[in-house]
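Visitor: take this sequence and fold it.
(one chain, ligands or ions: 1)
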Amino acid sequence: MRRILVTGGAGFIGSHFVRYLIETTDDEVVNLDALKYAGNLANLRAVAAHPRYRFARGDVTDPEAVAAALAGVDAVVNFAAETHVDRSLMEAGSFIATDVYGTYVLLEAARRAEVQRFVQVSTDEVYGSVESGSSRESDPLDPRSPYAASKAGGDLKARAYFSTYGLPVCITRGSNTFGPNQYPEKVIPLFITNAIDDQPLPLYGDGQNVRDWLYVRDHCAAIALVLERGHPGELYNVGAGNERRNIEVTERILAELGKPRSLVRFVPDRPGHDRRYSLDCTKIRALGWAPQHVFEEALATTVRWYVENEDWWRPLKSGEWAAYYRRQYGERLARSRPL
Ligand code: TYD
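Guide: Numbers count the residues shown, from 1 in each chain. Predicted coordinates for the structure are as follows:
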């Protein structure tokens, strides 16, 4: 039995990963999470009382909290991050603090504790916008948002700890992930919950930007595989090959909910909006991973989950979220045009 430290385990992908480990392995899981705006213990109700699960509240930028959480740990999986591009355009300091400095604090503590594996969970956004073809792990980094730049910084730190100290680091670069429990600032849960309430769906620019959508359970399976069998020092892209234009995803959501296309509003674009992400996933497939979910079915499952779990998301769409929404979309919606 291994003991795994999962950081950011109360967030969207992190909480699915904690549950995945508890369900599919006999690992002990320590979840270190600062419970900032997107961290939510309600995501972990299913495992909260499990004998192999333990929660520790703390920030990855705090060396004492990290050292305490690392006691007896065999491997670390780092999900703790600020992740929303639009927020990074308003305020980038917290992204540098968590995604770069926090990663450094974890790496340093992991090195001292001589952990056997460190998985750094990263993103396809570090490659920048890909007009044609697909990004390979050896491609140069070209992060174009403050968020992506911070994740790239964390990746480089992690690689340096492998080269310099031999810390057995693996990095995963996942594509846009979706599923239940995603905070309603990202486009899929935002549009689902807005549509349920007959509120406008603010589509940036011309709605033609392309993202490669990955169901959260498939993403977790890939990270678990890298934790198990990844080669130290290696990077692994994780994408399911579901490249869709934003307008297509939006129309699917509306169709699933039986809501009219008149809810769509084209709003002024996100500055520096990456046109397309696309990943070459030969390496992770060679390791033995393949996505198990069909995009349209997983999207339908996700829509159903939000319909059936209003008690999860309604309380989130007040307070901090509402202030963010007004700031992000108020002006834009005033300047919007219909489909
Ligand atoms: P998002 O979920 O923020 O992920 P990322 O920017 O990390 O890819 O956005 C996904 C796509 O949806 C992206 O092209 C931006 C677009 N988008 C909108 O059109 N409107 C919105 O309100 C949001 C949040 C995103």
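Visitor: residue ranges of the strands in the protein, please?
Guide: 3-7, 28-33, 53-57, 75-78, 117-123, 169-174, 177-178, 201-204, 210-212, 214-215, 235-238, 243-245, 264-267, 337-338 (DSSP state E).
Visitor: out of those strands, nearest to the ligand?
Guide: Proximity to the ligand (C-beta to the nearest ligand atom) singles out strand 201-204 among the strands of the chain, at 3.5 Å. (C-beta placed from N, C-alpha, C; glycine too.)
Visitor: the closest one near the ligand at all?
Guide: Yes. Shown here: strand 201-204 in contact with the ligand (C-beta under 6 Å from any ligand atom) through 202-204.
Visitor: out of these, who's the most crowded?
Guide: Most neighbours among these, by other C-beta atoms under 10 Å: Leu203, with 22 neighbours.
Visitor: list the residues that contact that one.
Guide: Contacts for Leu203 (C-beta atoms under 8 Å, 6 or more residues apart in numbering) come out as 246-247, 250, 264-267.
Visitor: near the ligand, which of the residues you listed show up?
Guide: Among those, proximity to the ligand is found for Asn246 (C-beta under 6 Å from any ligand atom).
Visitor: now tabulate the strands of the chain in CSV and tack on distance to Ser163.
Guide: Shown next, in CSV, are the strands of the chain (distance: least, C-beta to C-beta, whole Å):
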stretch, distance to Ser163
strand 3-7, 22
strand 28-33, 26
strand 53-57, 30
strand 75-78, 18
strand 117-123, 13
strand 169-174, 9
strand 177-178, 29
strand 201-204, 38
strand 210-212, 29
strand 214-215, 29
strand 235-238, 13
strand 243-245, 33
strand 264-267, 44
strand 337-338, 51
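Visitor: dump the ones you listed to CSV, plus mean pLDDT.
Guide: Formatted as CSV, the strands of the chain follow (pLDDT from 0 to 100):
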stretch, mean pLDDT
strand 3-7, 99
strand 28-33, 99
strand 53-57, 98
strand 75-78, 99
strand 117-123, 99
strand 169-174, 99
strand 177-178, 99
strand 201-204, 98
strand 210-212, 98
strand 214-215, 99
strand 235-238, 99
strand 243-245, 98
strand 264-267, 98
strand 337-338, 96
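Visitor: picking that back up, which of the residues of strand 201-204 next to the ligand sits closest to Val130?
Guide: Nearest to Val130, judged by C-beta to C-beta, of the residues of strand 201-204 next to the ligand is Tyr204 at 17.8 Å.
Visitor: ok, what's across the strand from that closest one?
Guide: Val267 (DSSP bridges).
Visitor: how much space between it and Ser145?
Guide: Between Tyr204 and Ser145 the distance is 13 Å, computed by C-beta to C-beta, to the nearest Å.
Visitor: repeat that for Glu310.
Guide: Between Glu310 and Ser145 the computed distance is 31 Å (C-beta to C-beta).
Visitor: looking at the two, which one has more neighbours?
Guide: Neighbour count, other C-beta under 10 Å: between Glu310 and Ser145, Ser145 has more, with 22 against 13.
Visitor: that one against Ser88, yeah?
Guide: Yes. If you go by C-beta atoms under 8 Å, Ser145 and Ser88 touch, sitting 5.7 Å apart.
Visitor: for the stretch 151-300 of the chain, which residues are neighbours of the ligand?
Guide: The stretch 151-300 of the chain comes close to the ligand at residues 176, 186-187, 190, 202-204, 209, 211, 246, as judged by C-beta under 6 Å from any ligand atom.
Visitor: please identify which pair of those lies farthest apart.
Guide: Most distant of those, by C-beta to C-beta, are Asn176 and Pro202, 17.3 Å apart.
Visitor: distance from the chain centre to stretch 8-23, please.
Guide: On the basis of C-alpha atoms, centre = their mean, to the nearest Å, stretch 8-23 sits 11 Å off its chain's mean C-alpha point.
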